[in-house]
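**Q** 3D, please:
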Amino acid sequence: MEKGATDFIATGTVAGQARDGLEILRSAGLIRSVQSAAGLLYRRDYERLDPERSLTPPPLDGRRRKAVRCDVGWTERGRRRGLFIRDLEGVIQRRDPTFQGALGWRPIDRVGVAVWMLREVAGKGRSLRALSSDPPTLRRMLKGLRMALDCSSVAYGTVSGRR
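**A** The predicted structure is shown next:
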């Protein structure tokens, strides 16, 4: 593991960093800019499909607000994005050795470390240190996230000819 990763895992911080997990890892040199771009595209899609978004409390004044959609194809595009995310996570799970599916007894085993990290760090913007403080666990999570971001960069077309 490179020096930046060792320093990050030991201290958990990068000087002058943002709170966003992807930005922290990119500024520490632990993920490439191509991986960061793919993570941001995943976040855009994840936020559109976020099931917790509908849990927003109603306005305090008690008035009901009507949701207005811009065009007829809005639900079709949302359905296509949902299928894309599902297929992308399926590809990642096939490459992830930690994925156990229905045999897993913990939620993380049912989706695999790579998909879980993609959802938490790229989708929700959480940092690795917010998820664990154990150095071996952080290394395993970073490895899974890198693999998931590599698959995402291919799926989103952000991968370039040079590395």
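**Q** which SSE is the closest residue to Cys151 other than its chain neighbours in?
**A** The shortest distance from Cys151 to any non-neighbouring residue, by CB to CB, 6 or more residues apart in numbering, is to Ile92 (4.9 Å). In short, each C-beta sits where N, CA and C put it, glycine included. Per DSSP states H and E, Ile92 falls inside helix 74-95.
**Q** Mind listing residues that contact that helix?
**A** 42, 45-46, 48-49, 69, 99, 101, 111-112, 114-115, 118, 147-148, 151-152, 155 (CB atoms under 8 Å, 6 or more residues apart in numbering).
**Q** and those residues, which are buried?
**A** 42, 45-46, 99, 111-112, 114-115, 118, 147-148, 151-152, 155 (16 or more other CB atoms under 10 Å).
**Q** Serialize those residues to TSV and add fields for pLDDT, secondary structure and distance to Pro136.
**A** Shown next, in TSV, are those (pLDDT from 0 to 100; DSSP: H, G, I helix; E, B strand; the rest coil; distance: CB to CB, whole Å):
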residue	pLDDT	secondary structure	distance to Pro136
Tyr42	94	helix	26
Asp45	90	helix	31
Tyr46	89	helix	27
Phe99	89	coil	19
Val111	88	helix	20
Gly112	91	coil	17
Ala114	95	helix	16
Val115	94	helix	20
Leu118	95	helix	20
Met147	96	helix	17
Ala148	96	helix	19
Cys151	95	helix	23
Ser152	96	helix	25
Ala155	94	helix	29
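**Q** tell me the two of those residues that are most distant?
**A** Pairwise distances across the buried ones among the contacts of helix 74-95 (CB to CB) peak at 20.8 Å, for the pair Asp45 and Phe99.
**Q** Low-confidence regions, the protein specifically.
**A** Scanning the chain for pLDDT under 70 picks out 1-18, 50-74, 160-163.
**Q** Let me see the ranges of the strands in it.
**A** For the chain, no strands are identified by DSSP state E.
**Q** picking that back up, can you put the buried ones among the contacts of helix 74-95 in JSON lines and add distance to Ile31?
**A** Shown next, in JSON lines, are the buried ones among the contacts of helix 74-95 (distance: CB to CB, whole Å):
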{"residue": "Tyr42", "distance to Ile31": "13"}
{"residue": "Asp45", "distance to Ile31": "18"}
{"residue": "Tyr46", "distance to Ile31": "17"}
{"residue": "Phe99", "distance to Ile31": "21"}
{"residue": "Val111", "distance to Ile31": "20"}
{"residue": "Gly112", "distance to Ile31": "18"}
{"residue": "Ala114", "distance to Ile31": "13"}
{"residue": "Val115", "distance to Ile31": "17"}
{"residue": "Leu118", "distance to Ile31": "12"}
{"residue": "Met147", "distance to Ile31": "11"}
{"residue": "Ala148", "distance to Ile31": "11"}
{"residue": "Cys151", "distance to Ile31": "13"}
{"residue": "Ser152", "distance to Ile31": "11"}
{"residue": "Ala155", "distance to Ile31": "16"}
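**Q** Done for today, thanks.
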